[in-house]
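[1] no sequence for this one, just the structure:
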């Protein structure tokens, strides 16, 4: 039995796959060609647009190949080829030739065969996903991947043509016969490329457990989540009207100089020319701080408020959820397995469920707002339509009739994971005591331990600072991290410095003063006053003093990784973590057995560790610097994801069907019965896996008919 049937399909649809996703696309698409090869055998191009007598014989051969193979290999096969083939009743050849039986057989076979996705394999080994980028990285010959002309042909034949471009609304083999021949050849080269690339990508993370995780991801995407269409439509209507009103107000306030508050450059120019108000940017934090200026002219103040209200993305989110909604009323394909390919965590797609705004209203207010949005009268109850629509966005995800949602969120999973990896015993004990109801929470204890005060004296403002400390300093962060997290949690660092100055550890202050002088020379004080900078750096040192095992973890990781890169010894271990180097790849073995990989690892002449990866901003393949704290972050996040997914798998087996994963939160849709409870789901997802029996896990959850932030 041949191992792999390599497959690529070329399709046409009036639906935009970029905007609507593969599931909605598959409901409306035609397959124009099936390109396949059994193992390393010759590639067959099954052109469905050719004479029927020619391709129907090949179609039966394709089905025979499906019956014989153990797996189908395709690039992005899990979220595209598999989805299209499972909708085989949409094939134009079934409609025209009565091939219902054979199409049903295709659907049955592709539903049972394992899919081997080379894009996911690339992600799982810290490589980019596109064939073109992979071909460039591995220096493949130009004839093994789509070049610019190939992409042009795909755009020509696979999408409707704009009326402004051509009177021919759809290009076919009949309208463009010579270009069609080239198109079929480029389609064939995709199979050549994926077979070649598959042999070049390592297989360290191609394991049984990873395959099970991938199947879980496919089931979740196939299941999808139910959508409240009335809420989405009502929100779009309200936000559209609000946008028109804001644009009109902006035009009025600027006497026509700026027609919309979203016109950033025009607005910046207007403010400085007409009012002498200079702003470095239009970021929310910048505008919010400027509103605190008591001397700011009222017209400028109103313009800034209008700009802040215009900066939300809620309208696009509501529009996107309706774009991707399928005939079953559900949104599918919103999760990408190994989408965060440095750590292997799931990535969000389309609706981007991992990037929903934090609510600014209580649950009761949001429920009232949802009723008002649905009734198309939200403007009568809320002065800011934008804010309530943003807060209600999670509520567009609902349980199907007869079902309910159960949501369970891992509690402080990353903090627990870092403490477990580092062996920070006081924290592990504190987490277990808190779960048992006999101790304060970690943010209270973090402040108390750093400042050497009794936990009972830590009030809400000090606890908030404790949260910032815990989040900012766990991976080696310093003053810069203090600024980032303080802005995120609404802490004024100048006020914070004044309030804690008298309680700072004197030795830490002395060291911080020395570091401040050095930072002044390096011109890296982040615009902070001397007192505030020193206070932030001193607090960082106090936190590190209270968490010595965590600091040791960063240092040990960097020391041993440097030694392995230099070749001082072939392997090393740091607690639960294994380290080795294979060729130019650094491999870090997680407790679960999965690997993190860093291709092109090396130590520069400046003694900096770097590897080859994709820059998160430019998306370019380039050299990226790293260090012990950053490596600890990658390892912790990856290990916590493995722990979380193990719990999700356990829950699914018990009937808690996951429809969505949002960071460390599982959303399950179950029958509306008392058999299924939030407490039970929390126990299932927080139970420790075999590879970490002493992990101090915990989860909190709730039941609802509408998704929300608890």
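    The structure has been received and is ready for your questions. In this text the structure is predicted, and so the values were computed from the model without any measurement.

[2] contacts and neighbour counts: CA atoms only from here.
    Fine.

[3] how's this structure carved up into domains?
    With automatic domain parsing as the criterion, the domains of the chain are listed as 4-201, 223-398, 425-546, 637-704.

[4] export those as a markdown table, with columns for mean neighbour count and distance to residue 613.
    A markdown table is the format used below for those (neighbours: other C-alpha atoms under 10 Å; distance: least, C-alpha to C-alpha, whole Å):
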| stretch | mean neighbour count | distance to residue 613 |
| --- | --- | --- |
| domain 4-201 | 18 | 7 |
| domain 223-398 | 18 | 9 |
| domain 425-546 | 17 | 20 |
| domain 637-704 | 20 | 17 |
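
[5] okay, these in CSV with distance to residue 582 and mean pLDDT next?
    Written out in CSV, the entries for the domains of the chain read as follows (distance: least, C-alpha to C-alpha, whole Å; pLDDT from 0 to 100):
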stretch, distance to residue 582, mean pLDDT
domain 4-201, 13, 85
domain 223-398, 18, 89
domain 425-546, 26, 93
domain 637-704, 20, 96
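
[6] of all these, which one is nearest residue 623?
    Residue 623 lies closest to domain 4-201 among those, at 12.6 Å (C-alpha to C-alpha).

[7] tell me the gap between stretch 36-47 and the middle of its chain.
    Centroid separation between stretch 36-47 and its chain, computed with C-alpha atoms, centre = their mean, to the nearest Å, is 35 Å.

[8] which outside residues touch that stretch?
    If you take C-alpha atoms under 8 Å, 6 or more residues apart in numbering as the criterion, stretch 36-47 is touched by 2-8, 32-35, 55, 58-59, 62, 65, 184, 188, 191, 195.

[9] try it again with 7 Å
    Surrounding stretch 36-47, the residues in contact under the criterion C-alpha atoms under 7 Å, 6 or more residues apart in numbering are 2-8, 32-35, 55, 58, 188.

[10] same question, stretch 422-432
    Under the criterion C-alpha under 7 Å, 6+ apart, residues 419-420, 439, 547, 549-550, 553, 696 lie in contact with stretch 422-432.

[11] reformat the contacts of stretch 36-47 as a markdown table; add secondary structure and distance to residue 528.
    Converted to a markdown table, these look like this (DSSP: H, G, I helix; E, B strand; the rest coil; distance: C-alpha to C-alpha, whole Å):
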| residue | secondary structure | distance to residue 528 |
| --- | --- | --- |
| 2 | coil | 65 |
| 3 | coil | 61 |
| 4 | strand | 59 |
| 5 | strand | 60 |
| 6 | strand | 58 |
| 7 | strand | 57 |
| 8 | strand | 56 |
| 32 | strand | 61 |
| 33 | strand | 61 |
| 34 | strand | 61 |
| 35 | strand | 60 |
| 55 | helix | 71 |
| 58 | helix | 71 |
| 188 | helix | 59 |
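
[12] that older thread, from the contacts of stretch 422-432, which land in helices?
    Judged by DSSP state H, the subset of the contacts of stretch 422-432 located in helices is 419-420, 549-550, 553.

[13] one step back: for residue 213, find the nearest of the domains of the chain.
    Residue 213 lies closest to domain 637-704 among the domains of the chain, at 7.4 Å (C-alpha to C-alpha).

[14] so what pairs up with residue 226 in the strands?
    In this structure, residue 226 has beta-bridge partners residue 330, residue 398, where bridges are defined by DSSP bridges.

[15] follow-up on the earlier one: distance to residue 625 added to the domains of the chain, as TSV?
    Converted to TSV, those look like this (distance: least, C-alpha to C-alpha, whole Å):
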stretch	distance to residue 625
domain 4-201	15
domain 223-398	14
domain 425-546	15
domain 637-704	18
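
[16] quick one, which of those domains is nearest to residue 411?
    Comparison of those against residue 411 by C-alpha to C-alpha identifies domain 637-704 as nearest, at 4.9 Å.
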